[in-house]
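> Using only what follows, build the 3D model:
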Amino acid sequence: MSNEFNDAQEEDFQAMSEGSQSASIDAIRDRISTVQDRDLSEHVAEYDGIHAQLERALTQIDGL
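Numbering: from 1, shown residues only. Here you go, the predicted model:
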C-alpha cells in the first residue's frame, strides 16, 4: 500500500508543478474520476492524496 501512496504523492507534485490552476483542477478532476478503477484497498490513500491536492489548489486560489 505504501507504493500506491507514493505514486499518489508523485501525481500531486506533477499536477501542482504544471504551473496552471486550471491544469491542476483538471488533474484533480481526472484523479477523482479514476478512483473507482483502483482496488478498494487503495481508495483511502488515493482520497487522502486528492484531499491534499485540493487543499493546495484552494490555498493558491485564496492566496493563503
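
> Could you identify the longest helix within this structure?
The longest helix of the chain (DSSP state H) is helix 43-62.

> Let's test this: mean pLDDT of it, rounded?
Averaging pLDDT along helix 43-62 yields 90.

> What is it packed up against?
Helix 43-62 sits against helix 2-16, helix 21-34, with contacts defined as 3 or more CB pairs under 8 Å, 6 or more residues apart in numbering; DSSP states H and E. Placement of C-beta: from N, CA and C, glycine included.

> could you dump the shortest one to CSV, C-alpha only?
This file holds the C-alpha atoms of helix 21-34, laid out as CSV (Å, rounded to 0.1, in the frame of the first residue of the first chain):
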residue,chain,number,x,y,z
GLN,A,21,-4.5,26.4,-11.7
SER,A,22,-6.8,25.1,-14.4
ALA,A,23,-4.4,22.3,-15.2
SER,A,24,-4.2,21.4,-11.5
ILE,A,25,-8.0,21.4,-11.2
ASP,A,26,-8.3,19.2,-14.3
ALA,A,27,-5.8,16.8,-12.9
ILE,A,28,-7.7,16.6,-9.6
ARG,A,29,-10.9,16.0,-11.5
ASP,A,30,-9.3,13.2,-13.6
ARG,A,31,-7.9,11.7,-10.4
ILE,A,32,-11.3,11.6,-8.7
SER,A,33,-12.9,10.0,-11.7
THR,A,34,-10.3,7.2,-11.7
